[in-house]
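J.: Okay, predicted coordinates and the sequence, questions at the end:
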Amino acid sequence: MRIALTIAGSDSGGGAGIQADLKTFHQFGVFGTSVICAVTAQNTLAVTGWEPVATSLVTAQLDAVAEDLPPNAVKTGMLGTAEVVEAVADGIARWRLPNVVLDPVMVATSGDPLMKPDAVKLLVRRLVPLATLVTPNLDEARILIEQDVRTADEMERAGRALVHQGAQVVLLKGGHLADDQLVDVLVSARGVHRFTHPRIETTATHGTGCTLSAAIAAGLAQGRPLTAAVEDAIDFVQRALAAAPGLGAGHGPLNHFVPAPPRPPTEGL
């Protein structure tokens, strides 16, 4: 059994963060481990408070997992502070963790901030170069490159700018595009690939970014090529959105019980 590690924040509402990541790993048949970097008080309506975990404990969690349960892939989510970003970057580099999917979580679906401003530049400098894939949405891309990103062409330019900043590959998520047909744009030094899919009209969008990056990490842990892992993850999120259970009075969670896309067997198993 392959192992995936999520390094992120805890969501008391269960729809995003560590909770969503572990549910997603399970659906993809991957054993999930975790490093909790922040604890949030939130539901489908708002984030009412959060606190970072002490960096010494973040480091201790990461070392404990890497020593005994070395992951085949890693995803990072909410890190919160510059100190935690530094600790996570140090740990990933020290253990040479593979297949790192960096989801630069900065703002919750509710609009509440989840990262302190001084952590953003450090994330770009320390974590982006360590990542196999960076998965910003349009708001996060705007913060990272300090330019508006509103169209598919601007998404492609933003991806190229992040590659220039040191990213290996960037997936610009188009969920905030003002179109019926949504586009996710995968950008690397080798070229651009666009994934198109219809918009699903729903308010159940809490945890979509976390779920997508976790699904990609699960695919990479199983040895899937990056583009195939991204395609599988988009398909999983689309079906999880369409089957959302309608929980909560605000932006509700996805349905993490939908099956993962079928995959060819791993060689030798």
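T.: Good, I have the coordinates. As the structure is a prediction and not an experimental result, all values here were calculated from the model.

J.: Low-confidence bits of the stretch 151-269 of the chain, can you list those?
T.: Scanning the stretch 151-269 of the chain for pLDDT under 70 picks out 178, 264-269.

J.: which stretches of the stretch 101-250 of the chain form strands?
T.: Per DSSP state E, counting those that start in this stretch, the stretch 101-250 of the chain carries strands over the ranges 133-134, 169-172, 181-188, 191-198.

J.: Throw those into CSV and include distance to A141 and mean neighbour count, thanks.
T.: Placement of C-beta: from N, CA and C, glycine included. As requested, the strands of the stretch 101-250 of the chain are exported to CSV (distance: least, Cβ to Cβ, whole Å; neighbours: other Cβ atoms under 10 Å):
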stretch, distance to A141, mean neighbour count
strand 133-134, 9, 28
strand 169-172, 6, 26
strand 181-188, 10, 20
strand 191-198, 15, 13
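
J.: Now tabulate the ones you listed in JSON lines and tack on distance to G9.
T.: What follows is those, written out as JSON lines (distance: least, Cβ to Cβ, whole Å):
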{"stretch": "strand 133-134", "distance to G9": "18"}
{"stretch": "strand 169-172", "distance to G9": "21"}
{"stretch": "strand 181-188", "distance to G9": "23"}
{"stretch": "strand 191-198", "distance to G9": "27"}
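
J.: Ok, which of the ones you listed comes nearest I7?
T.: Nearest to I7 among the strands of the stretch 101-250 of the chain is strand 133-134 (14.3 Å), distances taken as Cβ to Cβ.

J.: average model confidence for the closest one?
T.: Strand 133-134 shows a mean pLDDT of 98.

J.: packing partners for that strand?
T.: strand 100-102, strand 169-172 (3 or more Cβ pairs under 8 Å, 6 or more residues apart in numbering; DSSP states H and E).

J.: for the helix or strand hosting S56, which positions count as buried?
T.: Taking DSSP states H and E as the criterion, S56 maps to helix 55-68. Buried residues in helix 55-68, counted by 16 or more other Cβ atoms under 10 Å: 55, 58-59, 61-62, 65-66.

J.: can you tell which of the strands of the stretch 101-250 of the chain is closest to I216?
T.: Taking those one by one with Cβ to Cβ, strand 133-134 is closest: 6.5 Å.

J.: Other residues contacting that closest one?
T.: Residues outside strand 133-134 that contact it (Cβ atoms under 8 Å, 6 or more residues apart in numbering): 100-102, 104, 128, 162, 167-171, 216, 226, 230.

J.: which one of the strands of the stretch 101-250 of the chain lies closest to V124?
T.: Ranking the strands of the stretch 101-250 of the chain by proximity to V124 (Cβ to Cβ) places strand 133-134 first, at 9.5 Å.

J.: Can you give the contact residues for stretch 13-27?
T.: 4, 6, 8-11, 31-32, 34, 36, 40, 42-44, 75, 77-78, 108-109, 206-207, 209-211, 213-215, 217-218, 236, 247-248, 252-254, 256-260.

J.: Quick check, pLDDT for the nearest residue to M78 once chain neighbours are set aside.
T.: The shortest distance from M78 to any non-neighbouring residue, by Cβ to Cβ, 6 or more residues apart in numbering, is to G9 (3.4 Å). Reported pLDDT at G9 in the predicted model: 97.

J.: Kindly report the same for the one 3 residues further on.
T.: The per-residue pLDDT reported for S12 equals 97.

J.: Now do the contacts for the closest residue to S110 other than its chain neighbours.
T.: Spatial nearest neighbour of S110, excluding adjacent residues (Cβ to Cβ, 6+ apart): A46 at 4.9 Å. Neighbour list for A46: 110, 112, 250 [criterion: Cβ under 8 Å, 6+ apart].

J.: Right, I'll leave it there.
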